[in-house]
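Undergrad: okay, here's the prediction I keep looking at, along with the sequence it came from:
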Amino acid sequence: MVVPAEDEFEEEEDHQQEDIEDDSQQQSSNFPDGGLRAWLVVLGTFFSAFASYGYVSTWGVFQTYYEQTLLQKHSPSTIAWIGSLQYALILLPALFQGRLSELGIIKVPLLGGSILMIVCTFLVAQCTKYWHFVLCQGVGLGIGCGMVFIPATGIIGQWFSKKQGLAMGLTALGSSIGGTVFPIAFQKLIPRVGFSWTMRILGFIMLLALIIPNITLTRRLPLRNVSGGLFNFQAFKNPPFLAYGIAVFTGFLGLYTVPTYIELSALAVGVSPNIAIYLVAIANAGAGLGSLFAVIMMDRIGALNFLAPTTLIAGVLSFLWPFSRTEASLIVIAALYGFMCGSFVSGLSVPVYKLGELSDSGRYTGMIMAVGAASALCGMPISGAINQLTEDFKIVGYYAGSATVVSVGFMVLTRLLVLKKLRGKF
């Protein structure tokens, strides 16, 4: 009996690996870009974004309600930790979801996240103490929403190439519609059925929405062998990647302040509660339009060429927001700010593809999302603490606007480090 040499085994394995990579490249170049199966995936991503990010972006109405009722003994900064946990934990799963997707593990985290979201929503209905809300609404719902939302943003690239912008825009539209429906439903149901039944009804809405992605979302490309850890610290030795990481960090420090506190500031200056309750929904509707516009413009002029000016406008609006004392001006601020904020969130990961190896883009995107999660965790509590100390939303606006403008500065620096010139598409 002749035993093959070790070199022969290694050569055979190399050929097998090459065959797998060739098959993967061939299939990845033949995107469906349409057809029933592909559009069913988009339907699934629409409803996953509706139920997850749409719900998380509703936090502003919860902040107002908790400050006035269930948690009125706690400071605005303390209450804001619940919302900041949600915003952070919906981004954090990106750190490992890309690797899980490459291993073909999509359905399990999606189903687990869906169950966690629904269970925690029903548990929030029973919460009476601060730590109950932190555990159920902050941690539980935050993790569940992240496990549902992140797969939806990553799966589209396997089904669409030329129409990827349209598919991403429809997904972003789902989060916007969710962010419009949930706050209006919350505000309308509270006086009629009370807090507990309001949360149960929101849970049933989530249940109906999440059935669809659990049926329709599936990967198309074959599994890939992946190597390396979840975090590559060497990437931050690359100046453009480091600069963009700082831009994302400072951006999330200030970006969610206006949507969180705009309803409270409106009530503080005497705006009718019948108008103030819609400001968060208006901002989220504007975010949907901003997301759709962003995916179109980023393809045409470059991601940072679009994100830098729109984020700068968001910073300026943060400075102007506390000086808005009429219903009309607050509605305009909410709509415009939502539009600019939606552009930032939807375009966040696009520049990453040009800041590292394309084959490692999943890990690089996860790292940027983790950086964003860290700052999102701190941003709203800092705003709440400033408001508590100063009792003045103007100082809060100065903080949020300054952080956002600093983010724009690092976006411009990233662009210059990549292009080495003032003009160019990036």
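TA: Nice, I can see it.
Undergrad: tell me the helix or strand right after the helix or strand bottoming out on mean pLDDT in the chain.
TA: Here the helix or strand of the chain ranked lowest by mean pLDDT, DSSP states H and E is helix 6-29, holding a mean of 44. Counting by DSSP states H and E, the next helix or strand C-terminal to helix 6-29 is helix 36-51.
Undergrad: of all the residues in the helix or strand Ala376 falls within, which ones are buried?
TA: Ala376 is located in helix 361-390, with elements delineated by DSSP H and E. In terms of neighbour count (16 or more other Cβ atoms under 10 Å), helix 361-390 has its buried residues at 361-387. Any C-beta I mention is one placed from the backbone N, CA and C, and that applies to glycine too.
Undergrad: go on, stretch 265-277?
TA: Neighbour counts over stretch 265-277 (16+ other Cβ under 10 Å) mark Ser265, Ala266, Leu267, Ala268, Val271, Ile275, Ala276, Ile277 as buried.
Undergrad: does Thr64 really touch Ser265, like I thought?
TA: No: at 10.0 Å, Thr64 does not count as touching Ser265 under the criterion of Cβ atoms under 8 Å.
Undergrad: measure the residue lying closest to Leu70 once chain neighbours are set aside to Phe62 for me?
TA: Excluding the flanking residues, the one nearest Leu70 by Cβ to Cβ, 6 or more residues apart in numbering is Phe195, at 7.0 Å. From Phe195 over to Phe62 the distance is 10 Å, taken as Cβ to Cβ, to the nearest Å.
Undergrad: which one of the two has more residues nearby?
TA: More crowded of Phe195 and Phe62, by other Cβ atoms under 10 Å: Phe62, with 23 against 17.
Undergrad: my read: that one touches Gly83, true?
TA: Yes: contact status for Phe62 versus Gly83: in contact at 6.8 Å, counting by Cβ under 8 Å.
Undergrad: the lengthiest helix in the chain packs against which elements?
TA: If you go by DSSP state H, the chain has its longest helix at helix 164-216. Other helices and strands packing on helix 164-216, by 3 or more Cβ pairs under 8 Å, 6 or more residues apart in numbering; DSSP states H and E, are helix 36-51, helix 53-56, helix 59-68, helix 107-124, helix 141-155, helix 279-301, helix 327-347.
Undergrad: that one - what's its average pLDDT?
TA: Helix 164-216 carries an average pLDDT of 91.
Undergrad: could you do stretch 129-148 as well?
TA: In this model, stretch 129-148 carries a mean pLDDT of 94.
Undergrad: what residues sit buried inside stretch 73-89?
TA: Applying 16+ other Cβ under 10 Å to stretch 73-89 flags 74, 76-89 as buried.
Undergrad: just those residues now: which is nearest Lys394?
TA: Each of the buried residues of stretch 73-89 was scored against Lys394 by Cβ to Cβ, and Pro76 proved nearest at 15.3 Å.
Undergrad: okay, now the residue nearest to Gly112 when sequence neighbours are not counted: neighbour count?
TA: Once flanking residues are discounted, Gly112 sits nearest to Met147: 6.1 Å by Cβ to Cβ, 6+ apart. Residues lying near Met147 (other Cβ under 10 Å) number 26.
Undergrad: pull the contacting residues for Met147.
TA: The contact partners of Met147, taken as Cβ atoms under 8 Å, 6 or more residues apart in numbering, are Pro93, Gln97, Pro109, Leu110, Gly112, Gly113, Ser114, Leu116.
Undergrad: ok, the fourth one - how many residues close by?
TA: Residue neighbour count, defined by other Cβ under 10 Å, stands at 25 for Leu110.
Undergrad: any idea how far the residue nearest to it when sequence neighbours are not counted is from Gln68?
TA: Spatial nearest neighbour of Leu110, excluding adjacent residues (Cβ to Cβ, 6+ apart): Pro151 at 5.4 Å. Separation of Pro151 from Gln68 (Cβ to Cβ): 36 Å.
Undergrad: circling back: same for the helix holding Ala376, what does it pack against?
TA: By 3+ Cβ pairs under 8 Å, 6+ apart, helix 361-390 packs against helix 76-91, helix 94-102, helix 239-255, helix 257-268, helix 393-419.
Undergrad: restricting to C-alpha, output the third one in CSV.
TA: These are the backbone C-alpha positions of helix 239-255, laid out as CSV (Å, rounded to 0.1, in the frame of the first residue of the first chain):
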residue,chain,number,x,y,z
PRO,A,239,-4.2,56.9,8.7
PRO,A,240,-7.3,57.1,6.6
PHE,A,241,-9.0,54.3,8.5
LEU,A,242,-8.0,55.9,11.8
ALA,A,243,-9.3,59.3,10.7
TYR,A,244,-12.6,57.8,9.6
GLY,A,245,-13.0,55.9,12.8
ILE,A,246,-12.6,59.1,14.7
ALA,A,247,-15.2,60.7,12.4
VAL,A,248,-17.7,57.9,13.2
PHE,A,249,-17.0,58.1,16.9
THR,A,250,-17.5,61.9,17.2
GLY,A,251,-20.5,61.7,14.9
PHE,A,252,-22.4,59.3,17.1
LEU,A,253,-21.6,61.4,20.2
GLY,A,254,-23.8,64.2,18.9
LEU,A,255,-26.1,62.7,16.2
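Undergrad: that helix to helix 361-390, inter-axis angle?
TA: 40 degrees (axes from the mean of the first three to the mean of the last three Cα atoms, to 10 degrees).
Undergrad: ok, the closest residue to Val193 other than its chain neighbours - contacts?
TA: What sits nearest to Val193 in space, not counting adjacent residues and going by Cβ to Cβ, 6+ apart, is Ile201, at 7.3 Å. Residues in contact with Ile201 (Cβ under 8 Å, 6+ apart) are Ala185, Leu189, Val193.
Undergrad: quick check, nearest of these to Lys162?
TA: Nearest to Lys162 among the contacts of Ile201: Ala185, at 36.7 Å, using Cβ to Cβ.
Undergrad: distance of that closest one relative to Trp197?
TA: Ala185 sits 12 Å away from Trp197, going by Cβ to Cβ.
Undergrad: who has more neighbours out of these two?
TA: A direct count of neighbours by other Cβ under 10 Å for Ala185 and Trp197 places Ala185 higher, at 17 against 13.
Undergrad: my read: that one touches Phe204, true?
TA: No: judged on Cβ under 8 Å, Ala185 makes no contact with Phe204 at a distance of 10.8 Å.
Undergrad: check which helix or strand Leu320 maps to.
TA: helix 303-320.
Undergrad: quick one: that helix to helix 239-255, angle?
TA: Calculated by the same axes, to 10 degrees, helix 303-320 forms an angle of 30 degrees with helix 239-255.
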